[in-house]
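[1] This is a predicted model, with the sequence first.
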Amino acid sequence: MIFGALEAGGTKMVCALGREDGTILEQVSIPTTTPKETIPLVVKYFRGKEIGALGIGSFGPVDVNQSSDTYGHILDTPKTAWKYFDLVGSIQKELSIPIGLDTDVNGSCLGEMTFGNSKGLDSVIYITIGTGVGVGASINGKLLHGMLHPEAGHILLKKHPKDTFDGNCPYHGTCLEGMASGPAIEKRWGKKAVELKDNDIVWEIEAYYIAQALMNYILTLAPRRIILGGGVMHQMQLFPLIRKEVERLLNGYLNTKEIKDMDHYIIPASLNDNQGIMGCIQLAKIALDEVK
Ligand code: ADP
Ligand code: ZN
């Protein structure tokens, strides 16, 4: 059985074919412009490929509640062309196959839990620090939804004493995304994150914010493992800084075996930036199993 996988991002749509074991057979990238232009290209890619089901990991906010009237629609996004667009319906109409949907970050979380570094764990969170900051979570073996889905990239933070940057989130200024995303780093320092590798204060401040967020997620969601992915997390020097800062913040309050083994508790994504698309393969498989 071949599955279709679609990682629907704000700048590009990654379309792929894969097998149940997570093998990616082929993959193409289509620019995300307007639904009118982009969706026919996505449909054209999958048509005739004899896929059994399609899994979509979408940018948000997106309605992932299967019993909702607007299930599968993009919601109130600043990407105006996509506002309230029926993403799942518009593809379903053309392809007539089972479609599974979740957020891009829940998809990445599922990818790591199915094929990557968190196999066999029931409660895991996945955080992407890239153009934006997003958090996916699977708690007790279920991807976390509620009235919507978590938007935990926008939590509030205490400011680093040496940081004079006011943040760049249009809604909250100094939330996590406003302080720690790739664009926030670039705006604060006037250079791209990748060019700041040897500047220690950059990563001290970055780790300070990420660790605060992790502390809050640890205390509220009780994950057994935390995976950090996205472009900014390619700066591997962040990992020891974040672990140390999380320990400092927790201040001995939690003494679980997981927390005592920080090097295996807070870890990088393990699937070479394919965790998202591989998660979509699994979403497709689940969608097919549900109709069987
Ligand atoms: P997206 O979030 O758009 O899906 P990425 O996860 O690749 O894509 O994130 C892009 C952001 O990550 C950009 O702001 C970029 O500057 C930053 N970035 C990409 N690669 C690196 C790197 N090696 N080191 C630090 N920052 C990076
Ligand atoms: Zn925000």
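    Thanks, I have it. Quick caveat, the model's predicted, so the values are computed rather than measured. Numbering: from 1, shown residues only. Ligands and ions are numbered 1, 2, ... in the order given.

[2] Any buried residues in the helix or strand hosting Ala213, and which?
    Element membership for Ala213, per DSSP states H and E: helix 200-221. The neighbour-count check on helix 200-221 (16 or more other CB atoms under 10 Å) flags 202-203, 205-218, 221 as buried. All C-beta atoms are positioned from the backbone trio N, CA, C, and that covers glycine.

[3] That one and ligand 2, any residue contact?
    No - using CB under 5 Å from the ion, helix 200-221 never reaches ligand 2; the gap is at least 11.9 Å.

[4] For that helix, which helices and strands make contact with it?
    Under the contact criterion of 3 or more CB pairs under 8 Å, 6 or more residues apart in numbering; DSSP states H and E, helix 200-221 touches strand 124-129, strand 133-139, helix 176-180, helix 182-189, strand 225-229, helix 238-250.

[5] okay, it in CSV with CA atoms only?
    Extracted C-alpha coordinates of helix 200-221, given in CSV (Å, rounded to 0.1, in the frame of the first residue of the first chain):
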residue,chain,number,x,y,z
ASP,A,200,27.5,33.1,22.9
ILE,A,201,25.0,35.7,24.3
VAL,A,202,22.7,35.0,21.3
TRP,A,203,22.3,31.3,22.4
GLU,A,204,22.3,32.1,26.2
ILE,A,205,19.2,34.3,25.6
GLU,A,206,17.6,31.9,23.2
ALA,A,207,18.1,29.0,25.6
TYR,A,208,16.7,31.1,28.5
TYR,A,209,13.4,31.5,26.6
ILE,A,210,13.1,28.0,25.3
ALA,A,211,13.8,26.6,28.8
GLN,A,212,11.1,28.7,30.3
ALA,A,213,8.6,27.4,27.8
LEU,A,214,9.7,23.8,28.4
MET,A,215,9.4,24.3,32.2
ASN,A,216,5.8,25.3,31.7
TYR,A,217,5.0,22.4,29.3
ILE,A,218,6.7,19.9,31.7
LEU,A,219,4.6,21.2,34.6
THR,A,220,1.3,21.2,32.7
LEU,A,221,1.5,18.3,30.3
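
[6] what about the host helix or strand of Ala287, average pLDDT?
    Per DSSP H and E, Ala287 falls inside helix 275-291. Regarding helix 275-291, the rounded mean pLDDT is 98.

[7] For it, name the packing helices and strands.
    When contacts are defined as 3+ CB pairs under 8 Å, 6+ apart, helix 275-291 sits against strand 2-8, strand 12-19, strand 24-31, strand 54-58, strand 99-103, helix 104-115.

[8] Now mean pLDDT, distance to Gln66 and mean neighbour count too, for those, in CSV please.
    CSV is the format used below for the helices and strands packed on helix 275-291 (pLDDT from 0 to 100; distance: least, CB to CB, whole Å; neighbours: other CB atoms under 10 Å):
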stretch, mean pLDDT, distance to Gln66, mean neighbour count
strand 2-8, 98, 18, 26
strand 12-19, 98, 22, 20
strand 24-31, 98, 26, 13
strand 54-58, 98, 13, 29
strand 99-103, 98, 9, 25
helix 104-115, 98, 14, 28
